[in-house]
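Peer 1: Build me a structure from this.
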Amino acid sequence: MGGNRSWVTEFILMGFQFSAEKEVLLFWVFSLLYIFSLLANGIILGLIYLDPRLHTPMYFFLSHLAVIDISYASNSVPKMLANLVNHKRTISFVPCIMQTFLYLTFAATECLILMVMSYDRYVAICHPLQYTVIMSWRLCVVLAVIPWTCGFALAVVHAILLLRLPFCGPRMMNNLFCEILSVLNLACSDIWVNHMVLFAASFFVLIGPLCLMIISYMYILCAILKIQSKEGRIKAFSTCSSHLCVVGLFFGIAVVVYMVPDSNEQGEMKKMLSLFYSLCNPMLNPLIYSLRNAQVKGAFHRALQKLRSM
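Peer 2: Numbering: from 1, shown residues only. Prediction:
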């Protein structure tokens, strides 16, 4: 590398190019959404921990999803809010790489946890008599550890490949936080290897799990259609509808962000989609599971009754 280059020690997050008044409004809106997502996921975790009726594999995996959502939002939203207030918009190199690393860890882990949850629903509906035998707690722990391990390992690989790159300008990052594609665009050397590894990882944590989930839900649909009573079919489908909504939102947007070729016109759209992952998705997941799940709503009502009786 040329010795006359000045190496970048911090980046500038461009964020939204709005007036100061609009950014103050965004600060309060984003703050409320962030607080709500923390409370909603915290309530889900509390209900699963306190209510014995929710001590099942399905809600065990849902508790992991809630932890991921809390971590996801807390990784990027506080810095985003600080930038809206102080207008400095800078982030040092090491915190930026750490933010990218955590973002990749939680993203990959959530993809794989959602796949594990679809397998749980497949066993529950297609093999109901063998459910407790197949979905033993030992297997559940293994199925929960594997996504976290894979997510961490993939993020380590991406972080190592990022750290080998020289960053010597420009410093302006067209995003709200240090997302990997935005960081790669600022490198002043060949990033072909990084893009190939990212593309391969996207197949591993996006396309592969999505295909497996589609196959599992084909079997689930066939099993539901074989149920004789209408009430039975509705009850069986209701246990999967929440998961289907979450999968559709998460994987649909992820495929657009990481599998569709980039272009100048898509820059602002991908910035909004990244915002959705950091702020809206962690808020929507507990809402979807609570509003469409009778057991969660029942646990919430029982918790309220206990509080009133104290």
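
Peer 1: what mean pLDDT would you report for the helix or strand where Tyr59 lies?
Peer 2: Tyr59 belongs to helix 57-86 when assigned by DSSP states H and E. The pLDDT scores in helix 57-86 average 90.

Peer 1: Over to stretch 109-118?
Peer 2: Rounded mean pLDDT across stretch 109-118 is 92.

Peer 1: one step back: the helix holding Tyr59: how far from the chain's middle?
Peer 2: 8 Å (Cα atoms, centre = their mean, to the nearest Å).

Peer 1: and if you look at stretch 207-214?
Peer 2: On the basis of Cα atoms, centre = their mean, stretch 207-214 sits 16 Å off its chain's mean C-alpha point.

Peer 1: Check which residues of it are buried.
Peer 2: The neighbour-count check on stretch 207-214 (16 or more other Cβ atoms under 10 Å) flags Pro209, Leu210, Met213 as buried. In short, each C-beta sits where N, CA and C put it, glycine included.

Peer 1: what does stretch 275-291 give?
Peer 2: Applying a neighbour-count criterion of 16+ other Cβ under 10 Å, one finds 275-286, 288-290 buried in stretch 275-291.

Peer 1: Mind checking what helix or strand follows the lowest-mean-pLDDT helix or strand in the chain in sequence?
Peer 2: None of the helices or strands of the chain scores lower by mean pLDDT, DSSP states H and E than helix 267-275, at a mean of 71. Sequence-wise, the next helix or strand downstream of helix 267-275 (DSSP H and E) is helix 281-291.

Peer 1: ok, which stretches of the chain are strands?
Peer 2: For the chain, strands defined by DSSP state E occupy the ranges 10-13, 90-92, 172-173.

Peer 1: May I see the ones you listed organised as JSON lines, with mean pLDDT and mean neighbour count added?
Peer 2: Below are the strands of the chain laid out as JSON lines (pLDDT from 0 to 100; neighbours: other Cβ atoms under 10 Å):
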{"stretch": "strand 10-13", "mean pLDDT": "85", "mean neighbour count": "18"}
{"stretch": "strand 90-92", "mean pLDDT": "87", "mean neighbour count": "15"}
{"stretch": "strand 172-173", "mean pLDDT": "84", "mean neighbour count": "17"}
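
Peer 1: Next, format the ones you listed as TSV and append distance to Leu161.
Peer 2: Formatted as TSV, the strands of the chain follow (distance: least, Cβ to Cβ, whole Å):
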stretch	distance to Leu161
strand 10-13	18
strand 90-92	20
strand 172-173	18
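
Peer 1: check contacts around Ser92.
Peer 2: Shown in contact with Ser92 (Cβ atoms under 8 Å, 6 or more residues apart in numbering): Thr9, Glu10.

Peer 1: that older thread, which stretch among the strands of the chain approaches Ser241 most closely?
Peer 2: Among those, the nearest to Ser241 by Cβ to Cβ is strand 10-13 (37.3 Å).

Peer 1: Give me the contacts around that closest one.
Peer 2: Contacts of strand 10-13 (Cβ under 8 Å, 6+ apart): 79, 83, 89-93, 96, 171-173, 175-178, 183, 186.

Peer 1: Select only the buried ones of those in PyMOL?
Peer 2: Selecting only the buried entries of the contacts of strand 10-13 in PyMOL, with 16+ other Cβ under 10 Å as the criterion:
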select buried, resi 79+83+89+91+93+96+173+175+176+177+178+183+186
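
Peer 1: Pull out the buried positions in stretch 216-235.
Peer 2: Across stretch 216-235, burial judged by 16+ other Cβ under 10 Å covers Ser216, Tyr217, Ile220, Ala223, Ile224.

Peer 1: Look up the closest residue to the first one, ignoring the ones flanking it.
Peer 2: Excluding the flanking residues, the one nearest Ser216 by Cβ to Cβ, 6 or more residues apart in numbering is Tyr122, at 4.2 Å.
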